[in-house]
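Engineer: When you get a sec, could you give me coordinates for this:
(chains A and B)
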Amino acid sequence: MDPLIFDLSTTPLREVNAALHAADLDGEIVREIVIDKPAGAHSVAVGLDAPVKVSVEGHVGYYAAGMNQQAEVVIAGNAGTGVAENMMSGTVVVRGNASQSAGATAHGGLLVIEGDAAARCGISMKGVDIVVGGNVGHSSAFMAQAGRLVVRGDAGEGLGDSIYETRIYVRGTVASLGADCVAKEMRAEHLEELAGLLKAAGFEGDDLSAYTRYGSARSLYHFHVDNTGAY
Amino acid sequence: MCGIVGLHLRNPELYPRLGELLADMLGEMQDRGADSAGVAVYGDPTWTPAGHGAVSLLELDLPAAEVAAAIGTSLGSPVDVRLLDATLLMTAPVTSEDLLAAARSAFPDALVAGFGADLAVLKGVGAPRDLAHEWGLAGAQGWQGVGHTRMATESAVTPSGAHPYAVGPEQCLVHNGSFSNHATIRRELRAAGVEFDSENDTEVGARFVAKALADGKDVEVALKELCATFDGFYTLLVSNRDSFAVVRDAIACKPAVIAETDDWVAMASEYRALAGLPGVENARIWEPEPEVVYAWTR
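Structural biologist: Numbers count the residues shown, from 1 in each chain, chains lettered A, B, ... in the order given. Purely as a prediction, here's the structure:
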């Protein structure tokens, strides 16, 4: 079947997103959708909830593919602030770089950023898996609650500050760890988990022994009786 | 919010298109705040003819001819004055410093928006697309331009609160964000003899940079000192006759995108402002790192 094609230089964004939200968009009649000439527009392909494949042919602005469910969205360019923020399920792939707060608060699905992600990647992530081909900026995985973050490059300052139960895997260097985030042992189940995440993201062949796992020391989020005086 | 844009042309074949490209970039940022706007254009042969000094004045509700006569008398030679929306742009075949002194002597209460041999600063209250139309920005030429559209947070919506802040010769600064310790630094600068036109936070940043440059520091040193001194959120674009520099604060929550080709360097708050630039599809595009000074010279 031919893909459904929208040209954002001639079709208003609201019309495109409304078509993507149509009740009859169930992945059976329409499977592939192409969005051309996004030119940095905000909120491209947000709020999808259908098993369709959306290809965005260029750079996008803020919140692209936000709140995604089920859909597979591929952005052939860079993404602005908050790509795939609050994603619930499905897959979002950014072929270029992502700006700050990529995958913020996302509950599920897979976010792949093939280039670099800027500051606050995976901030408050709640179950999403994020794989970054390059580096992540400062304060990434801040207050990260659940899910996995894989960084094939380096991480900026304050990685995993106030982290809960997200597991972080970093291949390169970490400029500094945030409060209560510590390096942890790579056990067999972690190597298996990492291999699966890299494979899902299309990055097979990495030397897994080069990765370090980081997670919560769990000294911050449990109430500690010695701190009673602070209240 | 607020939106900033800047375009530093390397290929002289693009000089005739500077105003057109800058107007489109600024218009694209209108959604980020549209209560006032301003531009700085370097090298337009009509606005700033070669061999002339230029001065931009605001908040002077008089006909251009009357202003030209008064400043001409003060200067002792003829002055050309044109009214572009609310900005009075004047030129004369003298240095911009001499012209500025004559303008200040004739109109001590006028607001100086900018001055230099090649620099035309235009600013006012209103939406950037409307103002750009009033200024005739699309017809302007030159090698470098900077623009700002404002969503006011730290001071009133007035011409004196609009960016750019062009407080030193050929210099210009635009800011997305807010400085939180500007009152303290303004007090210190005032104690050191620096005069201010407004209570605006960005003006303090511009005066700080201008003082550092006047003290003989280069723009990279000046911006590093600014990072060490100022508290708050900022993406800054600082231009001079021959330079173009970008810096962000350590938190880097205020957006910035830089794009570079052999023909130009451009920066904006968002990529969409750059999307119409010629050759952008092959540009190197990146987000500036926190507290790293990116600078280009020509």
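
Engineer: shaky segments in chain A?
Structural biologist: Within chain A, the stretches falling below the threshold (pLDDT under 70) are A:231.

Engineer: How about the residues of chain A by chain B?
Structural biologist: Counting by Cβ under 8 Å from any Cβ of the partner chain, the residues of chain A lying close to chain B are A:39-42, A:59, A:61-62, A:78, A:80-81, A:96-97, A:99-100, A:118-119, A:137-138. Placement of C-beta: from N, CA and C, glycine included.

Engineer: contacts for the one helix or strand B:L88 maps to?
Structural biologist: Under the criterion of DSSP states H and E, B:L88 resides in strand B:87-92. Strand B:87-92 is contacted from outside by B:47-49, B:52-58, B:60, B:64, B:67-68, B:71-72, B:75, B:77-83, B:99, B:102-103, B:110, B:113, B:120-124, B:135, using Cβ atoms under 8 Å, 6 or more residues apart in numbering or on different chains.

Engineer: List only buried entries from the residues you listed.
Structural biologist: Applying a neighbour-count criterion of 16 or more other Cβ atoms under 10 Å in any protein chain shown, the buried members of the contacts of strand B:87-92 are B:47-48, B:52-58, B:60, B:64, B:67-68, B:71-72, B:75, B:79, B:81, B:99, B:102-103, B:110, B:113, B:120-124, B:135.

Engineer: On the three-state scheme, the most far-flung residue of chain A relative to its centre is what?
Structural biologist: Ranked by distance from the centre of chain A (Cα atoms, centre = their mean), the top residue is A:G229, with 39.2 Å. Secondary structure for A:G229, judged by DSSP: H, G, I helix; E, B strand; the rest coil, is helix.

Engineer: Name the residue of chain B that lies nearest to chain A.
Structural biologist: B:R272 (3.1 Å; Cβ to the nearest Cβ).

Engineer: My read is that that residue contacts A:G61, right?
Structural biologist: Yes. Contact criterion Cβ atoms under 8 Å: B:R272 and A:G61 qualify, at 5.6 Å.

Engineer: who's in contact with the residue nearest to A:G77 when sequence neighbours are not counted?
Structural biologist: Counting by Cβ to Cβ, 6 or more residues apart in numbering or on different chains, the nearest residue to A:G77 once its immediate chain neighbours are dropped is A:H59, at 3.8 Å. With Cβ under 8 Å, 6+ apart as the criterion, the residues that contact A:H59 are A:38-40, A:77-79, A:96, B:271, B:275, B:285.

Engineer: so which of those is the most crowded?
Structural biologist: Neighbours were tallied for each of the contacts of A:H59 (criterion: other Cβ atoms under 10 Å in any protein chain shown), and the maximum of 32 neighbours falls on A:A79.

Engineer: residues contacting that one?
Structural biologist: By Cβ under 8 Å, 6+ apart, the contact set of A:A79 is A:59-60, A:64, A:94, A:96-99, A:102, A:113.

Engineer: Is it bridged to anything, and to what?
Structural biologist: Here A:A79 shows beta-bridge partners A:V60, A:A98, assigned using DSSP bridges.

Engineer: okay but A:G108 is in contact with A:A84, surely?
Structural biologist: No. Between A:G108 and A:A84 no contact is recorded; they are 10.7 Å apart, counting by Cβ under 8 Å.

Engineer: so what sits against both of those two?
Structural biologist: Shared contacts of A:G108 and A:A84, defined by Cβ under 8 Å, 6+ apart, are found at A:V128.

Engineer: got the contact list for the helix or strand hosting A:G215?
Structural biologist: Of the helices and strands defined by DSSP H and E, A:G215 is found in strand A:212-216. By Cβ under 8 Å, 6+ apart, the list of residues contacting strand A:212-216 from outside reads A:159-160, A:163-171, A:174, A:177, A:180-186, A:190.

Engineer: In helices, which of those fall?
Structural biologist: Filtering those for membership in helices, criterion DSSP state H, returns A:H190.

Engineer: Let's see the ChimeraX selection covering just the buried ones among the contacts of strand A:212-216.
Structural biologist: When burial is assessed using 16+ other Cβ under 10 Å, the buried subset of these is captured in ChimeraX by this command:
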select /A:159,160,163,164,166,167,168,169,170,171,174,177,180,181,186,190
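
Engineer: Tell me which entries of the contacts of strand A:212-216 lie within strands.
Structural biologist: Residues from the contacts of strand A:212-216 lying in strands, with DSSP state E as the criterion: A:167-170, A:181-184.

Engineer: Check these and tell me the two furthest apart.
Structural biologist: Of all pairs drawn from those, the widest gap by Cβ to Cβ lies between A:Y169 and A:V182 and measures 13.8 Å.

Engineer: show me where chain A has helices.
Structural biologist: Secondary structure of chain A (DSSP H): helices located at A:13-20, A:188-201.

Engineer: Any chance of CSV for the ones you listed, columns distance to B:S243?
Structural biologist: Putting the helices of chain A into CSV (distance: least, Cβ to Cβ, whole Å) gives the following:
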stretch, distance to B:S243
helix A:13-20, 37
helix A:188-201, 41
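
Engineer: Of those helices, which is nearest B:D31?
Structural biologist: Nearest to B:D31 among the helices of chain A is helix A:13-20; the distance by Cβ to Cβ comes to 12.3 Å.

Engineer: okay, now A:E28: neighbour count?
Structural biologist: Applying other Cβ under 10 Å, we find 11 other residues in the vicinity of A:E28.

Engineer: what residues are up against it?
Structural biologist: Here A:E28 is in contact with no residues (criterion: Cβ under 8 Å, 6+ apart).

Engineer: Repeat that for A:V83.
Structural biologist: A:60, A:63-66, A:75, A:92, A:94, A:98-99, A:102-103, A:111, A:113.

Engineer: Just name the closest of those to A:A22, please.
Structural biologist: If you rank those by distance to A:A22 using Cβ to Cβ, A:A65 comes first, at 17.2 Å.

Engineer: Is the closest one in contact with A:N86, as I believe?
Structural biologist: No. Between A:A65 and A:N86 there is no contact, the gap being 10.2 Å when judged by Cβ under 8 Å.

Engineer: Looking at those two, which one has more neighbours?
Structural biologist: Neighbours were counted for A:A65 and for A:N86 using other Cβ under 10 Å; A:A65 has more, 32 against 19.

Engineer: Relative to chain B, how far out is the more buried one?
Structural biologist: Distance, A:A65 to chain B, by Cβ to the nearest Cβ, to the nearest Å: 16 Å.

Engineer: Next, the contact list for that residue, please.
Structural biologist: With contacts defined as Cβ under 8 Å, 6+ apart, the neighbours of A:A65 are A:44-46, A:48, A:54, A:71, A:73, A:75, A:83-84, A:87, A:92.

Engineer: count of neighbours near B:E188?
Structural biologist: B:E188 sits with 13 neighbouring residues when counted by other Cβ under 10 Å.

Engineer: any idea how far it lies from B:F179?
Structural biologist: Taking Cβ to Cβ, to the nearest Å as the measure, B:E188 and B:F179 are separated by 13 Å.

Engineer: give the contact list for the closest residue to chain B within chain A.
Structural biologist: Chain A approaches chain B most closely through A:G40 (3.1 Å), counting by Cβ to the nearest Cβ. A:G40 makes contacts with A:59-61, A:80, B:270-275, as judged by Cβ under 8 Å, 6+ apart.
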